[in-house]
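J.: quick one, what's the 3D model for this:
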Amino acid sequence: MNSALPLLEVSGLTMRFGGLVAVDGVGLTARTGDITALIGPNGAGKTTIFNCLTGFYKPTSGRLLLRHPSRGEVELQRLPGFQVARHGVVRTFQNIRLFPRMTVLENLMVAQHVGLMAKSGFSIAGLLGLSGWRSAEKGAIDKARLWLDRLELTRVADEEAGNLSYGMQRRVEIARAMATDPLLLCLDEPAAGLNPRETAALGELLLSIREQFGIGILLIEHDMSLVMRISDQVHVVEYGRKIAEGTPDQVRNDERVIKAYLGEPEEEEMPAEVAQDLNIGEARP
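T.: Prediction:
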């Protein structure tokens, strides 16, 4: 762990939709420089938790505390909708949400829209071509190109994003998120739709981002081999409640987690294929 206090500290998070309790008193933490995974069976409430963290839902109750290096403690649940990203919490989606008819470079420029609009005097300086705007635009292009290079996307910079392979589009999504200089990168099932080779490359990419830039990464993922290989900490939810947390080794051997995934009595032997998924890879020392 790289900090005595977590970057993100969630306590008592509850989300109700009418009479349905989708998330019930969940607490979790994510630290700077760590990869934290949120796992659980389908319908466990994982994406609802993400939507609360990233401003898409306003929680019914609970505290979502972000420790910002320059702004101090920020309670995300108190922010107006979608301003969470301005405080350094950004996300990708299970279903890719690129602008398919824009080029890859243009997608990364759009990610920097808020800063560019401020520098342009909300379009006035941009229309007049003032030097401050030109400098800001050049900086945004340079940052976009930097992330294209780091994620090995430079050769497709001028291609329409919708024409790329699924795996490449996933990389563009991550590059676009990183172009906003996040403190916490939230990834909703980043390995969905990827083949084993692409999934392995994704794991190496996330480890590289963690090591080089020291940000926190929080991901939802169903691919247990990926989760167990790259995560520092794992939180497990079932029916909207957290049932376990710990290192990958601790979680893979937790009987509550095994029961949640298998739906079988604890004494019954785990099917070989499930056991293999839960035990592939080792936690980082």
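
J.: quick one: stretch 219-236 to chain centroid distance?
T.: 12 Å (C-alpha atoms, centre = their mean, to the nearest Å).

J.: now that stretch: average pLDDT?
T.: Stretch 219-236 shows a mean pLDDT of 95 in the predicted model.

J.: which stretches of the stretch 1-150 of the chain have low pLDDT?
T.: Residues of the stretch 1-150 of the chain meeting the criterion pLDDT under 70: 1-3, 114-134.

J.: which parts of it are helices?
T.: In the stretch 1-150 of the chain, the segments counted as helices under DSSP state H, counting those that start in this stretch are 46-53, 104-110, 113-119, 124-128, 131-150.

J.: for the second one, packing partners?
T.: Using 3 or more C-beta pairs under 8 Å, 6 or more residues apart in numbering; DSSP states H and E as the contact criterion, the neighbours of helix 104-110 among helices and strands are helix 131-150, helix 166-178. The C-beta positions use only the backbone N, C-alpha and C, and glycine is treated the same way.

J.: out of those helices, deepest packed?
T.: A comparison of the helices and strands packed on helix 104-110 by mean neighbour count, using mean count of other C-beta atoms under 10 Å, puts helix 166-178 on top with a mean of 21.

J.: give me the average confidence score over that one.
T.: For helix 166-178, the mean per-residue pLDDT is 92.

J.: related to what we said a few turns ago, format the helices and strands packed on helix 104-110 as JSON lines; extra columns: distance to residue 65.
T.: JSON lines is the format used below for those (distance: least, C-beta to C-beta, whole Å):
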{"stretch": "helix 131-150", "distance to residue 65": "28"}
{"stretch": "helix 166-178", "distance to residue 65": "22"}
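
J.: nearest to residue 214, out of those helices?
T.: helix 166-178 (12.6 Å; C-beta to C-beta).

J.: against which helices or strands is that closest one packed?
T.: The contact analysis (3+ C-beta pairs under 8 Å, 6+ apart) places helix 166-178 against helix 104-110, helix 131-150, strand 184-188, helix 196-213.

J.: for the ones you listed, which one sits closest to residue 43?
T.: Using C-beta to C-beta, the helices and strands packed on helix 166-178 put strand 184-188 closest to residue 43, at 14.7 Å.
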